[in-house]
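[1] sequence below, structure please.
(one chain, ligands or ions: 2)
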Amino acid sequence: MRWSRAWRTAEDNGASLIGRLEKVVVFGGGSFGTAMACALASQKSQLKVTLLLRDPYVCKGINERHVNTRYLKEYVLPSNVVATTSSLEAIQGAQYAIHAVPVQHSRAFLKSIADVLPPDVPIISVSKGLEMGTGKMMSEVIPDALGRRQPAAFLSGPSFAKEMMDLRPTGVVAASKDKKLAREMQSLFASPYLRVNITTDVTGVEICGALKNVLALAAGIVEGLDLGNNAMAALVAQGCAEIRWLAEKMGAKPATVSGLSGLGDIMLTCYGSLSRNRSVGVRLGKGEALAEILASSSQVAEGVATAGVVVSLARTYRVSLPVLTAVAQVLDGALSPKEAVFEIMNLPQIEES
Ligand SMILES: NC(=O)c1ccc[n+]([C@@H]2O[C@H](COP(=O)([O-])OP(=O)(O)OC[C@H]3O[C@@H](n4cnc5c(N)ncnc54)[C@H](O)[C@@H]3O)[C@@H](O)[C@H]2O)c1
Ligand SMILES: O=P(O)(O)OC[C@H](O)CO
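    Ligands and ions are numbered 1, 2, ... in the order given. Just a heads-up that it's a prediction; the model follows:
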């Protein structure tokens, strides 16, 4: 099935870029790191895609049986996806590095590989969230942690790992201040199954990708409380407005907020049953305690950490975000899910903006 006929860019350096490509390293072999590795490996069988992991047993499964025994274990990975725990071995000779380590662990991880990663290897971050404590986005964490400016691009948008593994049509956006690098992302990733838009609006793409996870927690809570379709639609519409208010104050372009990384990912994560953030929200809405929910899952729900950061961003940018900040209050145990809904319903009646 060819979903998009024009899957390479007009200036098509795509074929030659793929032709020159020999090795890509992927940091983190969770669901999305694995899906990105497979998407790239499928572009060319001679391309080596190396996952840098922490667990030697997971590496063994990938290298010997082509199966990631911890994440997406039902899939057979292309044989040109390999894995190692050695950062030197993983990074040596790599022309690009995909970063798929959860945001809260990214600083420490990047510091640990700073000396091994050549300063000219572009990092393509797919992690969506804001760092607790600093409130920083990945575009700020990367240079901070490495202690230098590294070429970087940020890939975001509605993209469940499992659906990408199933080769279901997907659209993402690659953001970079360096337009040439953004175009390289199109050449690298575009395929009959994956469309890649580009933009220079890094802030917009990153903040939308982080905030939609918090809104997905709220959507899950509404689902878990069984409040109905009217409530869900009102909540998601209000959440979209709050994301727009904050993102635009931070410098995001309106086109980004209404694009794939904004509205597109909000729709996927708020309504899609595969969302981990939404699932955490559903369980909270049904009355489970956060600690219990987190202890029972091996996968990251980035919105849990990002929600706290949103409270301070609301203060810094002097913007009222009732839904997004209520999520933080529920997570902190300051409000029960029902109390949060009651408080939001009792807010003063407003004019739309
Ligand atoms: N899963 C998806 O569908 C999806 C889609 C788009 C973006 N993302 C984003 O990609 C990022 C990664 O998500 P995921 O789904 O792969 O998460 P995951 O929970 O499935 O896997 C996380 C991976 O990071 C590794 N990791 C955790 N702590 C680490 C540390 N301290 N040092 C090194 N590695 C560490 C884990 O071992 C694991 O391999 C997140 O920011 C997520 O929001 C996920
Ligand atoms: O499963 P979630 O909630 O982390 O969402 C995954 C992706 O961000 C969807 O685009």
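[2] going forward, measure contacts and count neighbours with C-alpha atoms only.
    Fine.
[3] list the contacts for the residue lying closest to residue 54 once chain neighbours are set aside?
    Among residues not flanking residue 54 along the chain, residue 85 sits closest, at 5.3 Å (Cα to Cα, 6 or more residues apart in numbering). The contact partners of residue 85, by Cα atoms under 8 Å, 6 or more residues apart in numbering, come to 52, 53, 54, 55, 56, 59.
[4] inside strands: which ones of those residues?
    Per DSSP state E, strands hold the following members of the contacts of residue 85: residue 52.
[5] tell me which two of the contacts of residue 85 sit farthest apart.
    The most widely separated members of these are 52 and 56, with 10.2 Å between them, by Cα to Cα.
[6] list residues touching both of the two?
    Common contacts of residue 52 and residue 56 (Cα under 8 Å, 6+ apart): 84, 85.
[7] between the two, which has more neighbouring residues?
    Neighbour count, other Cα atoms under 10 Å: between residue 52 and residue 56, residue 52 has more, with 24 against 13.
[8] so who does the more buried one touch?
    Taking Cα under 8 Å, 6+ apart, we find residue 52 in contact with 25, 26, 27, 28, 29, 83, 84, 85, 86, 87, 90.
[9] quick check: beta-bridge partners of the third one?
    The residues listed as beta-bridge partners of residue 27 by DSSP bridges are residue 52, residue 99.
[10] what's the closest of the contacts of residue 85 to residue 231?
    residue 53 (41.9 Å).
[11] leaving out the residues flanking it, which one is nearest to that closest one?
    residue 85 (5.0 Å).
[12] also residue 40?
    Nearest non-adjacent residue to residue 40, counting by Cα to Cα, 6+ apart: residue 189, 6.4 Å away.
[13] quick check, pLDDT for the one you found.
    Per-residue confidence (pLDDT) for residue 189: 97.
[14] what's the spacing between it and ligand 1?
    Residue 189 sits 14 Å away from ligand 1, going by Cα to the nearest ligand atom, to the nearest Å.
[15] in contact with that residue, which residues?
    Contacts of residue 189 (Cα under 8 Å, 6+ apart): 39, 40, 43, 195, 196.
[16] what does residue 158 give?
    Residue 158 sits next to 170, 171, 172, 260, 261, 264, 265, 266, 268, 269 when contact means Cα under 8 Å, 6+ apart.
[17] one more time with 6 Å
    With contact set as Cα atoms under 6 Å, 6 or more residues apart in numbering, residue 158 has these partners: 264, 265, 268.
[18] now do residue 127
    Residue 127 makes contacts with 100, 102, as judged by Cα under 6 Å, 6+ apart.
[19] which SS state does it fall under?
    For residue 127, the secondary structure call by DSSP: H, G, I helix; E, B strand; the rest coil comes out as coil.
[20] look up how far residue 227 lies from it.
    Per Cα to Cα, to the nearest Å, residue 127 is found 31 Å from residue 227.
[21] so which residues on this structure come close to ligand 2?
    157-160, 213, 265, 269, 274-278, 301 (Cα under 6 Å from any ligand atom).
[22] from the residues you listed, which land in helices?
    Applying DSSP state H to the residues of the chain next to ligand 2, the entries found in helices are 213, 265, 269, 276, 277, 278.
[23] per-residue pLDDT, the second one?
    It refers to residue 265. Note on residue 265: pLDDT of 98.
[24] give me the neighbour count for it.
    Applying other Cα under 10 Å, we find 27 other residues in the vicinity of residue 265.
[25] do I have it right that it meets residue 157?
    Yes - in this structure, residue 265 is within contact of residue 157 by Cα atoms under 6 Å, at 5.2 Å.
[26] pLDDT at the residue nearest the centre of the chain, what is it?
    Residue closest to the average C-alpha location in the chain (Cα atoms, centre = their mean): residue 128, at 3.5 Å. Per-residue pLDDT puts residue 128 at 98.
[27] cool, and the one 3 residues further on?
    Reading off the confidence values, residue 131 has pLDDT 98.
[28] what sits against it?
    residue 104.
[29] show me which positions of the helix or strand containing residue 323 end up buried.
    Per DSSP states H and E, residue 323 falls inside helix 322-332. In terms of neighbour count (16 or more other Cα atoms under 10 Å), helix 322-332 has its buried residues at 322, 323, 324, 325, 326, 327, 328, 329, 330, 331.
[30] which one is the last one nearest to, not counting chain neighbours?
    Ranked by Cα to Cα, 6+ apart and with sequence neighbours excluded, the top spatial neighbour of residue 331 is residue 290, at 6.7 Å.
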